[in-house]
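S.K.: Test case, fold it:
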Amino acid sequence: MTFEDKKFELRLAQSRADLHAAQRLRYEVFIQELGGDGPLVDHEARLEKDEFDDFFDHLLLIDKTQPEGSDKHVVGVYRLLRGDMAEKAGRFYSEDEYDLSAIKSSGRRLMELGRSCVHPDYRGSRAMYVLWNGLGAYVLEHEIEVMFGVASFHGTDINAIREPLACLHHYHLAPEEMRARVLEPYFQTMDLLPVDRIDRRAAARAMPALIKAYLRLGGYVGEGAFIDHSFNTTDVFLLMDTQNISEKNRTLYTKGRHG
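M.R.: Predicted structure coming up:
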């Protein structure tokens, strides 16, 4: 799967060098910018990595105007794990935080998304649109029915984000038959305000762009939040049934399907 125009190339990682380029961008965003860490993070080489990287497909957004190996060559990444790949890995990445039994027993074709990030200098440009367009092509190619993953609020102060969390809980909770739930030892309720005390516009403004993008496409959230102290984030589970994407959004999402 590849796509090219005058500025960008979009393709899957094909080599160890490609993977390292993705991990370097992840280091800049998740470690440097957001203050995260992890047991396999290589600070000397500036690589954010974990034990799952060898099982995922890595979708790369490349700025062709920048020299290979430079910090602005790979400017966007997305990590993709289909159900058949998760079997080889032994589990989905998010299963150490969430009970996925309802989703896994659905009989649907599943894909887990993760480590989505864009270089700071490319945010607000069409970079994320191109990256999502490539994701749509991947979904079509592999006939994915349900996508899921985790998106994060920066920081671990629950009180500071109680309104957007409560809004997600009251208005966007996944149907019970497809609802993931934070594992009991880590469960943090998102039911933090009654409905009549939620300002939905203010709550939406406080949500990360990735969460709002999923909601616009008809996505849902799982039950509970996970406080990830190692990455300095509060995580929310996101799920999207590709059959529920409106025709208008489906056109935007899959425009210019890449072969």
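S.K.: if you skip the residues just before and after it, what's nearest to Ala225?
M.R.: Among residues not flanking Ala225 along the chain, Gln188 sits closest, at 4.5 Å (CB to CB, 6 or more residues apart in numbering). Every residue, glycine included, has its C-beta placed from N, CA and C.
S.K.: oh sorry, the question was meant for Glu33
M.R.: Pro120 (7.0 Å).
S.K.: do the same with Arg109
M.R.: Leaving out its chain neighbours, the residue that sits closest to Arg109 by CB to CB, 6+ apart is Glu145, at 4.5 Å.
S.K.: now the one you found: how far from Leu131?
M.R.: Here Glu145 is placed at a distance of 21 Å from Leu131 (CB to CB, to the nearest Å).
S.K.: Please apply the same query to Asp71.
M.R.: For Asp71, the distance to Leu131 - CB to CB - is 18 Å.
S.K.: Of these two, give the one with the bigger neighbour count.
M.R.: Applying other CB atoms under 10 Å to Asp71 and Leu131 shows that Leu131 carries more neighbours, namely 23 against 14.
S.K.: pLDDT of the host helix or strand of that one, averaged?
M.R.: Under the criterion of DSSP states H and E, Leu131 resides in helix 127-141. Averaging pLDDT along helix 127-141 gives 87.
S.K.: Quick one: distance of it to the chain centre.
M.R.: With CA atoms, centre = their mean, to the nearest Å as the basis, helix 127-141 stands 13 Å off its chain's centre.
S.K.: Buried residues in that helix, which are they?
M.R.: Within helix 127-141, the residues scored as buried using 16 or more other CB atoms under 10 Å are 127-128, 130-140.
S.K.: from memory the residue nearest to Arg109 sits against Gln243, does it?
M.R.: Yes: proximity of Glu145 to Gln243 meets the contact threshold set by CB atoms under 8 Å, at 6.9 Å.
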